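Trainee: predicted model follows, preceded by the sequence.
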Amino acid sequence: MADRVAEPSGGTLTAYRALLGAQARSQTAYRTSFVVDLLGNVGATVFDVLTVLVLYGVTRELGGFTLRETLVMVGLTAVAFATADLLVGNVERLPRYVRTGLFDAVLLRPLGALPQLLLMDLPLRKVSRALFGLAVWVAALSVAGIEWTPARVVLAVVAPLAAVVFFGAVFVATATVSFFWVESGELANSVTYGGRDFTSYPVTVFEGWFRAAFAYGLGFAFVSYQPALALLGRADPLGLPAWAGWAAPGVALVALAGAAAAWRVGVRHYRSTGS
Amino acid sequence: MSLVIDAQGLRKEFTVRVKAGRLRRRKRVVTAVDGVDLRVDRGEMLGYIGPNGAGKSTTLKMLTGVLTPSAGEVRVCGLRPVAERTRLALGVGVVFGQRSQLWWDLPLRDSFDLLRHVYRVPADAHAARLRRCRGLLDLDGFLDTPVRQLSLGQRMRGELTAALLHGPQVLFLDEPTIGLDVVSKQAVRDFLAELGRAGDTTLVLTTHDLADIERLCRRLVVIDHGRVVHDGTIADLHGRYGSRRLVVAELDAPLATPPVLPGAPLARVETDGRRLVYALESAGVAQVVSGLAGLATLRDISVVEPDIEEVVARLYRAAVPVR
């Protein structure tokens, strides 16, 4: 037997912090573009909110929900998606790493592959968007006329966190497709961004197999629609019981487990490239 | 001696889809590595060579946990590369010619500093190793230059340093001298030779430049089509594939019939019979010289060492011994 590989002298946390620091340094090296990016990223979310306002300019109700009610779903989606995008959205770059074989370098370091991939290029410019999303969420909650109870306060905090986990899992799971099929970028986008648009509206707006697949098959209904019903004190027109409004953390954990499994299988399928 | 690398029946298959008609794709299985057995002791310097596509890089990637083997057993430093990847990474250093371990936008010095955190190396050990590399690889002139501005030779010296700062037990080098100029090549070889002399780092080197191997490695593993076709010393390779030292005799005037010498068959006749080339089998140089001296006036005698390049080329063309 060879000598055992020595235990390292520090924790992995220090290592990740060092990676993050390096990342921050190289991003702020381009200061002007960083500021422009900060502003541009808010713009995208502003546009999402405006779209909803315009829709309600032509109709009083959408799928049986008023503007104020829908805004709860919009706000929840905005804060959760922007935060997940900030933390995990970077995984979108995986197809490039896989195609070019750069993923080799990630696997050769003594750290988890996914955290490295996320930290190596954490898009700090997306912070502005997450903060704006939070503002939309708070504003939506305050104008929705919610009868606050302790349970609803808890839900108002837990639901966005669960949604962050859920969207993060969706980002990771869809990105792992690139381990098997390199040109998978568009497919990943249609699920992640499609999912975000889906959760910005009451699921009653959608119909048939599409609703069944996105809302219940992939679980998007539990991200914002069901928690919003519970906060607003409305019964589900589609007939799910009231506890469904609290199912978000469970659904998020299931999604997380699925994404983790997909990632593990994906990494073992990594084929590298010739060199 | 302790075994650092132990691979048995190592195999990697890739499924590729080939076009078969407008939309149909047919699956085809390509075997990149086809049952490689490899045992490497601590401190050994191993040359791992083969033609393009022979499976060299694929083997290295399986030994480092980048690729999951399709079959076979592997232990590197006593660890299973894929299952214990992050732990193994602490014990191996890797230089893959075309892939950088350095941070593109940061000065070289910062990359080294980051690697100290990534590998969690105590500050004093890190500083000592860096000091040694700075001296041997002459890094001082470009330590503060961002990596993207380094020349290939400078970057490669940086990569070597980066691979060694955590004091690995095994160093894997995939084409470390590819594309380098003569001076950088020499610097890299000298450095690796020095590392080999110290004797506690195991080195596995793939290369197209056989001068790297002749300079550094006593043991040579040749693979072709994913299989090991030779595992032994360079001398073994020559012996097995019938490459012999040659004696080149320059004569004053051509002979009517070149003499037949026992133990040294005539290999070629050149320049109108004024140059005779004998291959040494059982005979020595002295016997050839004395055999010729009585029959002709010798102008010059030279001995040509076997050319490893030629042997390997022969090996690649047909994995069948010539003789």
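Mentor: Thanks, I have the structure now.
Trainee: and the average pLDDT for stretch A:226-238 is what?
Mentor: For stretch A:226-238, the mean pLDDT works out to 93.
Trainee: in chain A, spot the helix with the most residues.
Mentor: helix A:150-180 (DSSP state H).
Trainee: helices or strands up against it?
Mentor: Packed against helix A:150-180 by the contact rule (3 or more CB pairs under 8 Å, 6 or more residues apart in numbering or on different chains; DSSP states H and E) you find helix A:67-88, helix A:94-100, helix A:185-199, helix A:225-232, helix A:248-269. (C-beta placed from N, C-alpha, C; glycine too.)
Trainee: can you add mean neighbour count and distance to residue B:228 and give the ones you listed back as TSV?
Mentor: Below are those laid out as TSV (neighbours: other CB atoms under 10 Å in any protein chain shown; distance: least, CB to CB, whole Å):
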stretch	mean neighbour count	distance to residue B:228
helix A:67-88	25	43
helix A:94-100	18	30
helix A:185-199	17	40
helix A:225-232	25	60
helix A:248-269	17	25
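Trainee: now the longest helix of chain A and helix A:67-88, what's the angle there?
Mentor: Put simply, helix A:150-180 runs at 50 degrees to helix A:67-88, going by axes from the mean of the first three to the mean of the last three CA atoms, to 10 degrees.
Trainee: ok so, going back, lowest mean pLDDT across the helices and strands packed on helix A:150-180, which one is that?
Mentor: Looking at the helices and strands packed on helix A:150-180, the bottom one is helix A:185-199 with a mean of 82.
Trainee: and residue 58, what is it in contact with?
Mentor: Just going to use chain A. Going by CB atoms under 8 Å, 6 or more residues apart in numbering or on different chains, residue A:58 touches no other residue.
Trainee: nope, chain B
Mentor: Contacts for residue B:58 (CB under 8 Å, 6+ apart) come out as A:272, B:12, B:32-33, B:67, B:226.
Trainee: buried residues in the longest helix of chain A?
Mentor: Across helix A:150-180, burial judged by 16 or more other CB atoms under 10 Å in any protein chain shown covers A:152, A:155-156, A:159-160, A:162-179.
Trainee: relative to helix A:248-269, how tilted is it?
Mentor: Going by the same axes, to 10 degrees, helix A:150-180 is angled at 20 degrees with respect to helix A:248-269.
Trainee: quick one: distance of helix A:150-180 to the chain centre.
Mentor: On the basis of CA atoms, centre = their mean, to the nearest Å, helix A:150-180 sits 6 Å off its chain's mean C-alpha point.
Trainee: tell me the mean pLDDT for that helix?
Mentor: Helix A:150-180 comes out with an average pLDDT of 94.
Trainee: how many degrees apart are that helix and helix A:185-199 in direction?
Mentor: Using the same axes, to 10 degrees: helix A:150-180 against helix A:185-199 is 170 degrees.
Trainee: quick one, what contacts the residue in the stretch 151-275 of chain A positioned nearest to chain B?
Mentor: Residue of the stretch 151-275 of chain A nearest chain B, by CB to the nearest CB: residue A:268 (4.5 Å). Residue A:268 is in contact with B:68, B:82, counting by CB under 8 Å, 6+ apart.
Trainee: distance from stretch B:294-308 to the middle of the chain?
Mentor: Distance, stretch centre to chain centre, for stretch B:294-308: 31 Å (CA atoms, centre = their mean).
Trainee: same question, stretch B:269-288
Mentor: For stretch B:269-288, the distance to the chain centre is 32 Å (CA atoms, centre = their mean).
Trainee: dump it to PDB, keeping only the CA atoms.
Mentor: C-alpha atoms of stretch B:269-288 as PDB (Å, rounded to 0.1, in the frame of the first residue of the first chain):
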ATOM      1  CA  VAL B 269      25.600  -0.100 -48.600                       C
ATOM      2  CA  GLU B 270      25.800   3.600 -49.400                       C
ATOM      3  CA  THR B 271      27.700   6.100 -51.500                       C
ATOM      4  CA  ASP B 272      28.600   3.700 -54.200                       C
ATOM      5  CA  GLY B 273      30.000   1.100 -51.900                       C
ATOM      6  CA  ARG B 274      32.300   3.500 -50.000                       C
ATOM      7  CA  ARG B 275      30.100   3.400 -46.900                       C
ATOM      8  CA  LEU B 276      29.100   0.100 -45.300                       C
ATOM      9  CA  VAL B 277      26.700  -0.200 -42.400                       C
ATOM     10  CA  TYR B 278      26.700  -3.300 -40.200                       C
ATOM     11  CA  ALA B 279      24.200  -4.000 -37.500                       C
ATOM     12  CA  LEU B 280      25.600  -5.400 -34.300                       C
ATOM     13  CA  GLU B 281      24.000  -8.600 -33.200                       C
ATOM     14  CA  SER B 282      26.300 -10.800 -31.300                       C
ATOM     15  CA  ALA B 283      29.500  -9.200 -32.600                       C
ATOM     16  CA  GLY B 284      31.100  -6.100 -30.900                       C
ATOM     17  CA  VAL B 285      32.400  -3.000 -32.500                       C
ATOM     18  CA  ALA B 286      36.000  -4.300 -32.300                       C
ATOM     19  CA  GLN B 287      35.200  -7.500 -34.200                       C
ATOM     20  CA  VAL B 288      33.600  -5.500 -37.000                       C
END
